[in-house]
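> prediction below, plus the sequence it came from.
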Amino acid sequence: SADDIKAVLFGGYATLQNANSLGEKFNTFGELLVHNGDLDWAGTFETYTDLSQNSQVRTSPEVYRVWANSYHTINTANLVLSKLDVLIGDEKTEIEGEAKFLRAIAYYYLVNLYAQPYSSGNAAANPGVPLILEPVTGFVPERDKLPRASVEAVYTQVVSDLEDAAAKMPDASEDARATRYSALALLSRVYLSQLKYTEAATAANEVIESGEFALTGTYAGAFNNASNSSEDIFAIQQTSQSNSGTSNFGMTTFYSADPEGRGEIQVTNAHIAKYEANDSRKAFFYPGSSISGQNGNMTGKWRSLYRVIPVLRLAEMYLTRAEANYRKGGAPIGPNTPLDDVNIVRARVNLTPLASIASVDVIVKERYLELAFEGDRFFTVKRLKLSVNGHPFDFEKLVLPIPQREIDLGNSLPQNPGY
């Protein structure tokens, strides 16, 4: 029935909320892999220690859980897409768009975590992850033992899904579900990863100029909210009954100081020193300790349990439009210059406006500080080919291994180099 299909769709949001997805590991794994001295891991969980040292192993249970949960999300989307006939009218169209958005976001993170970045060598030749576009309800070897599709092929599918989703989803949702602008915001991030600057600026501009979103009055106002803020384009909802974790896993569990969390992802003084003196983002860090008593600095972004986890927010769109317009040159897409967009973000955190932008590095640094510990740095390092932790951007251990369990099942999945 139609209600059955909607129930399955909502299950896809639950897997995105999971700690093995946007509820935690899509963020923490990326941040630890490219921390570059900005974070200290103060915990004892072996997988997270390995990630912080770029020494993760192919048998890691947590690396497998991210893979498995992502394909669970993808299978949920595929199930919905295979049963659209029971829906009618606008509901059918909108649910198709939502399912494609869920599939796209899972594949975008999968291909970035488990494969070399789009910017590395030949995306058409580099192995990505298996592309599964039909629902799996029982094992069929010729259908289910798929090889690794190329990085290019996965990106092509992600872009196709997001373009279709943007065309079919509504402009707004009363219950925090994905919308047309969620798809466009993610599309701008995908295009930026591909260095397609005109397309990235165009997608970001459509979100900004829609009038559906506004920067919160203060930087702190963008975080730890019980429901989406004016700035949230897409966010993961959390309640005391439905959340990503409160004791061993979850964003607040790792980022928030004991006793609210475990306090095991701590921010270094070296990172805090990168902010200007009057920057209210600098004041957003606070002292705390880990569950084992190690003192350090904590980010205030993930301080409270059962609060919304922003995934795509308006400040990112301003910075994407600024960088993409600067890099492409010529007339800017949208009403603002790159300088205008950067200064809008700076004004919210009480910084004086810049008089000019000497180089694109100014925009990249602003993005780095604005989106710190939101998972964005991982994608920035890869797309801009930045060295990190003493390694080049395409270092083997900045890519997760294909889980050994998958290879042991006889699937046609060559292991990543270094494992």
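Arrived safely, thanks for sending. Because the structure is a prediction, the values reported are computed rather than measured. Residues are numbered from 1 along each chain as shown.
> now the terminal residues of stretch 212-232, how far apart.
10 Å (CA to CA, to the nearest Å).
> mean confidence for that stretch?
Here stretch 212-232 scores 98 as its mean pLDDT.
> for stretch 158-167, same thing?
98.
> and that stretch, what's buried?
158, 159, 161, 162, 163, 164, 165, 166 (16 or more other CB atoms under 10 Å). Where C-beta positions appear, they are placed from N, C-alpha and C, glycine not excepted.
> what's the first-to-last distance across stretch 138-149?
22 Å.
> check which element follows the helix or strand bottoming out on mean pLDDT in the chain along the chain.
Of all the helices and strands that make up the chain, helix 141-144 has the lowest average by mean pLDDT, DSSP states H and E, namely a mean of 76. As assigned by DSSP states H and E, the chain's next helix or strand after helix 141-144 is helix 151-168.
> where does the stretch 101-250 of the chain have low pLDDT?
Counting by pLDDT under 70, the stretch 101-250 of the chain contains no low-confidence residues.
> which parts of it are strands?
Along the stretch 101-250 of the chain, the segments classed as strands by DSSP state E, counting those that start in this stretch run 232-236.
> report how many residues lie close to the spatially closest residue to residue 262 that is not a sequence neighbour.
Leaving aside its sequence neighbours, residue 262 sits nearest to residue 291 (CB to CB, 6 or more residues apart in numbering; 4.5 Å). Counted with other CB atoms under 10 Å, the neighbours of residue 291 add up to 17.
> ditto for residue 408
So residue 408, with other CB under 10 Å, has 9 neighbours.
> phi first, then psi, for it.
Taking degrees, to the nearest 10, you get phi -60, psi -20 for the backbone angles of residue 408.
> ok, it - contacts?
Neighbour list for residue 408: empty [criterion: CB atoms under 8 Å, 6 or more residues apart in numbering].
> now swap in the one 4 residues further on and tell me
Neighbour list for residue 412: 145, 146, 147, 148 [criterion: CB under 8 Å, 6+ apart].
> among those residues, who's most crowded?
residue 148 (22 neighbours).
> so who does that residue touch?
115, 127, 128, 129, 130, 402, 412, 413, 414.
> which one of those residues sits closest to residue 43?
Nearest to residue 43 out of the contacts of residue 148 is residue 402 (CB to CB; 25.2 Å).
> burial of the closest one, as a residue count?
The burial count for residue 402: 24, using other CB under 10 Å.
> show the pLDDT at it.
97.
> phi and psi next, for it.
Dihedral angles for residue 402 - degrees, to the nearest 10 - are phi -60, psi 130.
> for it, what are its contacts?
Counting by CB under 8 Å, 6+ apart, residue 402 has contacts 58, 67, 114, 148, 413, 414, 415, 416, 419.
> at 10 Å what do you get?
58, 63-64, 67, 114-115, 127, 129-130, 148, 411, 413-416, 419 (CB atoms under 10 Å, 6 or more residues apart in numbering).
> how much space between residue 176 and residue 397?
36 Å (CB to CB, to the nearest Å).
> also residue 3?
Counting by CB to CB - residue 3 and residue 397 are separated by 46 Å.
> rewinding a little: nearest to residue 223, of the contacts of residue 402?
The closest of these, once distances to residue 223 are taken by CB to CB, is residue 63, at 27.8 Å.
> wait, a helix at the closest one?
Yes - Residue 63 forms part of a helix when assessed by DSSP: H, G, I helix; E, B strand; the rest coil.
> which residue packs closest to it, ignoring adjacent ones?
residue 400 (5.3 Å).
> which stretches in the stretch 51-200 of the chain count as helices?
For the stretch 51-200 of the chain, the helices defined by DSSP state H, counting those that start in this stretch occupy 61-82, 89-114, 141-144, 151-168, 180-193, 197-208.
> of these, which stretch is the most buried?
Comparing the helices of the stretch 51-200 of the chain by mean neighbour count (mean count of other CB atoms under 10 Å), helix 180-193 ranks first with a mean of 25.
> just checking, what packs against that one?
Secondary-structure packing of helix 180-193 (3 or more CB pairs under 10 Å, 6 or more residues apart in numbering; DSSP states H and E): helix 89-114, helix 151-168, helix 197-208, strand 232-236, strand 309-313, helix 314-328, helix 376-383.
> how about TSV for those, with distance to residue 365 added?
Written out in TSV, the entries for the helices and strands packed on helix 180-193 read as follows (distance: least, CB to CB, whole Å):
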stretch	distance to residue 365
helix 89-114	22
helix 151-168	27
helix 197-208	18
strand 232-236	23
strand 309-313	19
helix 314-328	10
helix 376-383	10
